[in-house]
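Novice: No letters, just coordinates:
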């Protein structure tokens, strides 16, 4: 039995030496897979980055267009406000601040321009 134990111990000693080259092959394959995985990961990250850049570009274009439309609408509304409030504001200031009232028909006096009248007659 000692012989068998000796043979099995010799076999156990030899097995690691046989596994070492196979273990190195597995390490090479594993390393290759790891490097390939890293390269694929970096490439996928680059593609994702490009997609994000294009998407943000489209969003920026749309927002720029919307901003321009809002500026134009603001300007139109500002002009509309100025036009509509000018007469109202003048009327309010005249009535409240200056104490003016609307004129009656009998207060209107029409003055004829003699220069215009004489020119019309002369022609």
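Specialist: Received, thanks. Note that the structure is predicted; figures quoted are calculated from it, not measured.

Novice: rest of the way, CA atoms for contacts and neighbours
Specialist: Noted.

Novice: what are the ranges of the helices in this protein?
Specialist: When assigned using DSSP state H, the helices of the chain occupy the ranges 2-92, 114-122.

Novice: Of those helices, which is nearest residue 106?
Specialist: Nearest of the helices of the chain to residue 106, taken as Cα to Cα: helix 2-92 at 20.7 Å.

Novice: rewinding a little: among the helices of the chain, which is the most enclosed?
Specialist: Most buried of the helices of the chain, by mean neighbour count (mean count of other Cα atoms under 10 Å): helix 2-92, with a mean of 12.

Novice: Isn't residue 100 up against residue 92?
Specialist: No. Using Cα atoms under 8 Å, residue 100 is not in contact with residue 92; the gap is 9.6 Å.

Novice: hey, which helix or strand in this protein has the poorest pLDDT?
Specialist: Lowest on mean pLDDT, DSSP states H and E among the helices and strands of the chain sits helix 114-122, with a mean of 57.

Novice: that older thread, the helices of the chain: which one's closest to residue 105?
Specialist: Nearest to residue 105, of those and by Cα to Cα, is helix 2-92 at 18.2 Å.

Novice: Dump the helices of the chain into JSON lines; add distance to residue 104 as well.
Specialist: JSON lines is the format used below for the helices of the chain (distance: least, Cα to Cα, whole Å):
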{"stretch": "helix 2-92", "distance to residue 104": "16"}
{"stretch": "helix 114-122", "distance to residue 104": "26"}
